[in-house]
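*Asks:* sequence first, then the predicted structure, then my questions.
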Amino acid sequence: MFCQNCNLEHKGTYGSGRFCSVKCARGFSTKAKRAEINKQVSATQSGRKLSKEHIKNIELGNNFNRKEKIAKSCVECGAEMLCRPSDTRKYCSTKCWVNYTEKNKEPYLLYRQRCKFNFSIADYPDKFSSALILEHGWYSPSNKQNNLDGVSRDHMYSVSDGFINGVDPAIISHPANCELISHRANQRKRANSSITLEELLDRIKRW
């Protein structure tokens, strides 16, 4: 016996046997009205009359401008993950994150040390604006000068991504990879990159 909504074979234990579950029964009953429901909802949310093209997309069930998910591999176990293009996940589970972190703790600490910025922004007055520093000052922890709202230097292509992808520390520590942002924004960014490696290499080339 096959469900009239999803076409999957089932034992017919639900209701009269036409559907495999209550979800499919309800879905089937509203399927014919789905286009009209979508038009009403979309019109209510937008507060304007829908264009013919918009109505056609609704009727055809088009996905509009939503990007399809892409396949990525877990850094630790290599398992495939389906993610949105903007998703920054590197691990398929917390277990893989813990395993990778523990296994690479010492090598990562050494790599991070080599990726530190060792230049003065005063050497590049045309590249870095001092306005943010003059307004907020440099970040300092609470056990020192206690300026938690201060400015810090951020690796746009992160140290974490550099380590995972085996990027030379000289590239990660290059001034072209530095951006002045508030320390709080830097904390929110965590280990994510704000630019790609290709963009960084292009910035270095044009530096």
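*Replies:* All right, it came through fine.
*Asks:* show me where the chain dips below the pLDDT cut-off.
*Replies:* The chain contains residues with pLDDT under 70 at 10, 14, 31-50, 54-55, 57-67.
*Asks:* quick one: the strands in it?
*Replies:* 70-73, 80-83, 151-155, 178-182 (DSSP state E).
*Asks:* among those strands, which comes closest to Glu53?
*Replies:* Across the strands of the chain, Glu53 has its closest neighbour in strand 70-73 (26.9 Å, CB to CB). Every C-beta, even on glycine, is put in place using the N, C-alpha and C of the backbone.
*Asks:* how about residues contacting that closest one?
*Replies:* 79-85, 87, 89 (CB atoms under 8 Å, 6 or more residues apart in numbering).
*Asks:* separate out the buried members of those residues.
*Replies:* Met81 (16 or more other CB atoms under 10 Å).
*Asks:* could you find the closest non-adjacent residue to Asn118?
*Replies:* Ser173 (6.6 Å; CB to CB, 6 or more residues apart in numbering).
*Asks:* residues contacting Ser140?
*Replies:* Neighbour list for Ser140: 146-148, 150 [criterion: CB under 8 Å, 6+ apart].
*Asks:* again, 7 Å this time
*Replies:* Ser140 is in contact with 146-147, 150, counting by CB atoms under 7 Å, 6 or more residues apart in numbering.
*Asks:* in ChimeraX, select just the buried ones from those.
*Replies:* For the buried members of the contacts of Ser140, the matching ChimeraX selection, counting by 16+ other CB under 10 Å, is:
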select :150
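*Asks:* of the contacts of Ser140, which is the nearest to Gly15?
*Replies:* So of the contacts of Ser140, ranked by how close each gets to Gly15 (CB to CB), first place is Gly150, at 64.9 Å.
*Asks:* mind putting the contacts of Ser140 in JSON lines, distance to Tyr111 included?
*Replies:* Listed next are the contacts of Ser140 as JSON lines, based on distance: CB to CB, whole Å:
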{"residue": "Asn146", "distance to Tyr111": "30"}
{"residue": "Asn147", "distance to Tyr111": "28"}
{"residue": "Gly150", "distance to Tyr111": "26"}
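*Asks:* and the gap between the residue positioned nearest the centre of the chain and Lys72?
*Replies:* Taking CA atoms, centre = their mean, the centroid of the chain lies closest to Asp87, which sits 3.0 Å from it. As judged by CB to CB, to the nearest Å, Asp87 and Lys72 stand 8 Å apart.
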